[in-house]
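A.B. asks: no FASTA, just this:
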C-alpha cells in the first residue's frame, strides 16, 4: 500500500458558511492536531474537484484548487484520506489561516 503525506493550505477561511456561521470564528475554536473531515463536493458549481474541510465545529474552508484536483481523483478512486490541522497561523483577529497535514493511502 502506497502512503503519502503532505502539507497544504486551506482556501476560503475568511468566508461565511451557508448556515451563517463564520469560518474565522470556527477556526478560532480549533487547535493544532484536530482531526478534520475532507468531503468531496463534485457538484460544486465553481469547481468539480471541490473538497470541503470540516472541523468538529463546522466548515473552515476548502482544499486549495491546485491540490484538490489530484486529491479528488484519489478520493474518487477509493483512497483512504485522513487530515488534521497541522498549524493555525495567526495574522491578528479574524485573519487566521490553516495548514493541514493530509495522508493518502492507496
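C.D. replies: Great, that's in hand. Note that the structure is a prediction, hence the values are computed from the model and not measured.
A.B. asks: tell me the centre residue of the protein?
C.D. replies: What sits nearest the mean C-alpha location of the chain, by CA atoms, centre = their mean, is residue 53, with 3.1 Å.
A.B. asks: quick check: that one touching residue 68?
C.D. replies: No. Counting by CB atoms under 8 Å, residue 53 stays clear of residue 68, with 10.3 Å between them. Placement of C-beta: from N, CA and C, glycine included.
A.B. asks: so what sits against both of these two?
C.D. replies: Taking CB atoms under 8 Å, 6 or more residues apart in numbering as the criterion, residue 53 and residue 68 both touch residue 62.
A.B. asks: by contact count, what packs against the lengthiest helix in the chain?
C.D. replies: In the chain, with assignment by DSSP state H, the single longest helix is helix 65-76. Packed against helix 65-76 by the contact rule (3 or more CB pairs under 8 Å, 6 or more residues apart in numbering; DSSP states H and E) you find strand 35-40, strand 51-55, strand 80-90, strand 96-105.
A.B. asks: if we go to 10 Å?
C.D. replies: strand 3-11, strand 35-40, strand 51-55, strand 58-63, strand 80-90, strand 96-105 (3 or more CB pairs under 10 Å, 6 or more residues apart in numbering; DSSP states H and E).
A.B. asks: in it, what's buried?
C.D. replies: For helix 65-76, the neighbour count (16 or more other CB atoms under 10 Å) marks 67, 68, 71, 72, 74, 75 as buried.
A.B. asks: re the thing from before, I'd say the residue nearest to the centre of the chain and residue 67 touch.
C.D. replies: No. In this structure, residue 53 is not within contact of residue 67 by CB atoms under 10 Å, at 11.1 Å.
A.B. asks: identify the contacts common to those two.
C.D. replies: 8, 10, 11, 100, 102 (CB atoms under 10 Å, 6 or more residues apart in numbering).
A.B. asks: what bridges to residue 97?
C.D. replies: Per DSSP bridges, the residues bridged to residue 97 are residue 89.
A.B. asks: now do residue 36
C.D. replies: residue 83.
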